[in-house]
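> Just the structure for this:
(chains A and B)
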Amino acid sequence: MTWANILIQGALVGGFYALFACGLSLMFGVMKVINLAHGDIAVVAAYSAVFLVPKLHVAQLWAFLVVVPLFALIGYVVQRTLLQKAIDRDPFTTLLVTFGLSVVIENLLLEIYSANGQSVNIGELVAKSWQVNSVIYVSDVSLVVLGVAVLVLGALQLFLSRTSSGRLIRAVSDDREAAQLCGANYKHVFGVAAAIAFATVALAGIAFGISTEFDPTAGGINLLYAFEAVVIGGIGSLWGTLVGGILLGVAQQFGAHFNLEYQTLAGNALFLIVLAVRPQGLFGRRVSLNE
Amino acid sequence: MSPDTNESASASTLLSVEHLTVFHGQLCAVDDVSLRVGEGEVLAIIGANGAGKSTLLRTIAGLHRPASGTVNFRGEDITHDAAHQRVRAGISLVPEGRRLFPSLTLEENLLVGAHRAAEGPFDLARVYELFPWMKDRRRGKVFQFSGGEQQAVAIGRALVANPKVLMLDEVSLGLAPIVIETIYEVIPDIVSHGIGVLLVEQDVSQGLRVATRVHCLLEGKTSLVGTPASLSAEEIEHAYFGAELPSTAGRGEPS
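This is a model prediction of the structure:
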């Protein structure tokens, strides 16, 4: 029964990792940008839910209705200004710029809100759980988060594969120059991809803020887990990211079962094994037409 | 053999390039080149490797910035327009190496090509008529296609945007002669709609066969301009290689 519990709890936390990671995966897939500020953006979203949303007389439970569209807009603007300028120089500059952004965000948050722990307050809902049997309890919040993750990834997959905007994103991701020769303004397409990435990471940030206490430096470790989920699942595969997140979650629960200190270690070990044995990830594709 | 048509001055000019100079770093890839393409005209740019042919086309498409000179399209100066704006205006380039979207199906490649299409004779159905084999394989991923098939898709992807000027960069590269033949078969159909074609060919005989006019580049400079009928093999050979060659066998085609 403990094994079942490890699997269930791992899958639940894995859903959160996948939700967190899909924006990272999208930005890397489309713009080839590794956004080192990804985790910090999620933390800003959580802070917005705690401090900004109540000012608008919206309950923190419904924060996502305000924060997600706001972050989509911010994502588009940041991409068209800061990140595009970095991309125009070279890939290394994007690493420096997003790293700088991460440092700036963390310190601004520390300056404004101090290092005190915060959490998104949704009242008694957070403590609700569902009893599977005598030993296994499933928290309602993490079940909802897993559901949202599956929904978001599914919707994103449909958007990319079935709509003309999604097709354009895939085309730009394949070959930016050839897409320009088809009349696509790739900078706008980048902006749209960043808007989606920021929206999903904002959602993940709020989910994070509901289930755990957070402080200004919480972004880093989440970025690491998101990155591991993407690499395990394989770049360019959204369902792969979900599977990667769940495998990472299960590995961590498995480690924690023996010793709580082994939680992160077990996840990192899985990450390294996948990287060594199958560097393109479990569902990664290796398609190359040009050269 | 070669279709010798009336002089270009009579055709209305679509694209005119004036004194274009383009640098790759310190290297002057295109040096003071001027050319015109009119409606229904086929201008073949020939020249050896590194003569600046591809750079010239890519600059006209907006992928490189010229150091000096202008690119004019239907009377408007488009020298500073972005590449995607030029496509929407009516200039399409089929790039060297085909550059299809490997993770997209054949039909999706064409749909991306058509996503900002102008009004005009070409759409997906028309392209499927031009290349009948495509219809049955439109859901196939293009990376599984042969080189000739990929080249046909690349041309189709450019055509569905309904360009006024179609630029083809080395469409015959790496293809079997019989395949090249079928690719070039569609050119008369394209030209019949008044589309001006600007093509780059390393295979001189192929260029001469389809062109109404020929423009030879040598180390970035214009070395010869004329109609295929008016040019002798010796003239072309000299313009292509530069120096006089000891052999004067009279063949215009490089080995």
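> alpha carbons only for contacts and neighbour counts from here, please
Noted.
> Same question for stretch B:220-236: list its buried residues.
B:220, B:221, B:222, B:223, B:224, B:225, B:227, B:228, B:233, B:234, B:236 (16 or more other CA atoms under 10 Å in any protein chain shown).
> Please enumerate the helices of the chain.
Going with chain A. Using DSSP state H, the helices of chain A run over residues A:2-31, A:38-47, A:63-78, A:84-89, A:91-113, A:140-162, A:164-174, A:176-180, A:186-211, A:219-233, A:238-258, A:262-277.
> think we crossed wires, I meant chain B
Here chain B has its helices, by DSSP H, at B:53-61, B:83-89, B:106-114, B:124-130, B:147-159, B:177-184, B:187-191, B:204-210, B:233-241.
> For those, give me a markdown table that also has distance to chain A.
Output for the helices of chain B, formatted as a markdown table (distance: least, CA to the nearest CA, whole Å):
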| stretch | distance to chain A |
| --- | --- |
| helix B:53-61 | 8 |
| helix B:83-89 | 4 |
| helix B:106-114 | 5 |
| helix B:124-130 | 14 |
| helix B:147-159 | 7 |
| helix B:177-184 | 19 |
| helix B:187-191 | 18 |
| helix B:204-210 | 23 |
| helix B:233-241 | 28 |
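> For chain A, what lies in contact range of chain B?
Of all the residues in chain A, those in contact range of chain B (CA under 8 Å from any CA of the partner chain) are A:164, A:167-168, A:170-171, A:174-175, A:177-185, A:287-290.
> Write the ChimeraX selection for whichever of those residues are buried.
Listed next is the ChimeraX selection for buried residues among the residues of chain A next to chain B, using 16+ other CA under 10 Å:
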select /A:167,168,170,171,174,175,177,178,179,180,181,182,183,184,185,289
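> related to what we said a few turns ago, reformat the helices of chain B into TSV and put mean pLDDT next to each item.
As requested, the helices of chain B are arranged in TSV below (pLDDT from 0 to 100):
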stretch	mean pLDDT
helix B:53-61	96
helix B:83-89	96
helix B:106-114	97
helix B:124-130	95
helix B:147-159	95
helix B:177-184	90
helix B:187-191	93
helix B:204-210	89
helix B:233-241	88
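> can you put those in JSON lines and add distance to residue A:115?
Compiled in JSON lines, these are given as follows (distance: least, CA to CA, whole Å):
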{"stretch": "helix B:53-61", "distance to residue A:115": "54"}
{"stretch": "helix B:83-89", "distance to residue A:115": "48"}
{"stretch": "helix B:106-114", "distance to residue A:115": "49"}
{"stretch": "helix B:124-130", "distance to residue A:115": "59"}
{"stretch": "helix B:147-159", "distance to residue A:115": "55"}
{"stretch": "helix B:177-184", "distance to residue A:115": "67"}
{"stretch": "helix B:187-191", "distance to residue A:115": "68"}
{"stretch": "helix B:204-210", "distance to residue A:115": "71"}
{"stretch": "helix B:233-241", "distance to residue A:115": "72"}
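> now the strands for chain B?
With DSSP state E as the definition, chain B shows strands at residue ranges B:13-24, B:27-38, B:42-46, B:68-73, B:76-77, B:91-94, B:165-169, B:196-201, B:213-218, B:221-226.
> Tell me which of those strands sits most buried.
Ranked by mean neighbour count, the strands of chain B are led by strand B:91-94 with a mean of 30 (mean count of other CA atoms under 10 Å in any protein chain shown).
> for that one, packing partners?
Secondary-structure packing of strand B:91-94 (3 or more CA pairs under 8 Å, 6 or more residues apart in numbering or on different chains; DSSP states H and E): helix B:53-61, helix B:147-159, strand B:165-169.
> how does it look with 6 Å?
For strand B:91-94, the elements it packs on are strand B:165-169, judged by 3 or more CA pairs under 6 Å, 6 or more residues apart in numbering or on different chains; DSSP states H and E.
> Using CSV, list the CA coordinates for the strand it packs on.
Extracted in CSV, the C-alpha atoms of strand B:165-169 (Å, rounded to 0.1, in the frame of the first residue of the first chain):
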residue,chain,number,x,y,z
VAL,B,165,7.8,37.7,-58.4
LEU,B,166,9.0,34.2,-57.7
MET,B,167,12.6,33.6,-56.9
LEU,B,168,14.1,30.1,-57.1
ASP,B,169,17.5,29.5,-55.6
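> which one is whichever residue of the stretch 151-291 of chain A sits closest to chain B nearest to, not counting chain neighbours?
Residue nearest to chain B within the stretch 151-291 of chain A: residue A:183 (4.0 Å; CA to the nearest CA). The shortest distance from residue A:183 to any non-neighbouring residue, by CA to CA, 6 or more residues apart in numbering or on different chains, is to residue B:84 (4.0 Å).
> now residue B:32
Spatial nearest neighbour of residue B:32, excluding adjacent residues (CA to CA, 6+ apart): residue B:19 at 4.2 Å.
> and if you look at residue A:74?
Nearest residue to residue A:74 in three dimensions, chain neighbours excluded: residue A:195, at 7.2 Å (CA to CA, 6+ apart).
> Quick one: neighbours of that neighbour, just the number.
By other CA atoms under 10 Å in any protein chain shown, 26 other residues sit near residue A:195.
> quick one: it from residue A:209, how far?
Residue A:195 is 21 Å from residue A:209, where distance means CA to CA, to the nearest Å.
> circling back: want to try CSV for the helices of chain A, with mean pLDDT as columns?
Below are these laid out as CSV (pLDDT from 0 to 100):
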stretch, mean pLDDT
helix A:2-31, 92
helix A:38-47, 97
helix A:63-78, 97
helix A:84-89, 95
helix A:91-113, 95
helix A:140-162, 93
helix A:164-174, 95
helix A:176-180, 96
helix A:186-211, 96
helix A:219-233, 93
helix A:238-258, 93
helix A:262-277, 94
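> Could you export these as JSON lines, including distance to residue B:132?
Listed next are the helices of chain A as JSON lines, based on distance: least, CA to CA, whole Å:
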{"stretch": "helix A:2-31", "distance to residue B:132": "33"}
{"stretch": "helix A:38-47", "distance to residue B:132": "48"}
{"stretch": "helix A:63-78", "distance to residue B:132": "42"}
{"stretch": "helix A:84-89", "distance to residue B:132": "41"}
{"stretch": "helix A:91-113", "distance to residue B:132": "42"}
{"stretch": "helix A:140-162", "distance to residue B:132": "25"}
{"stretch": "helix A:164-174", "distance to residue B:132": "24"}
{"stretch": "helix A:176-180", "distance to residue B:132": "24"}
{"stretch": "helix A:186-211", "distance to residue B:132": "32"}
{"stretch": "helix A:219-233", "distance to residue B:132": "39"}
{"stretch": "helix A:238-258", "distance to residue B:132": "35"}
{"stretch": "helix A:262-277", "distance to residue B:132": "44"}
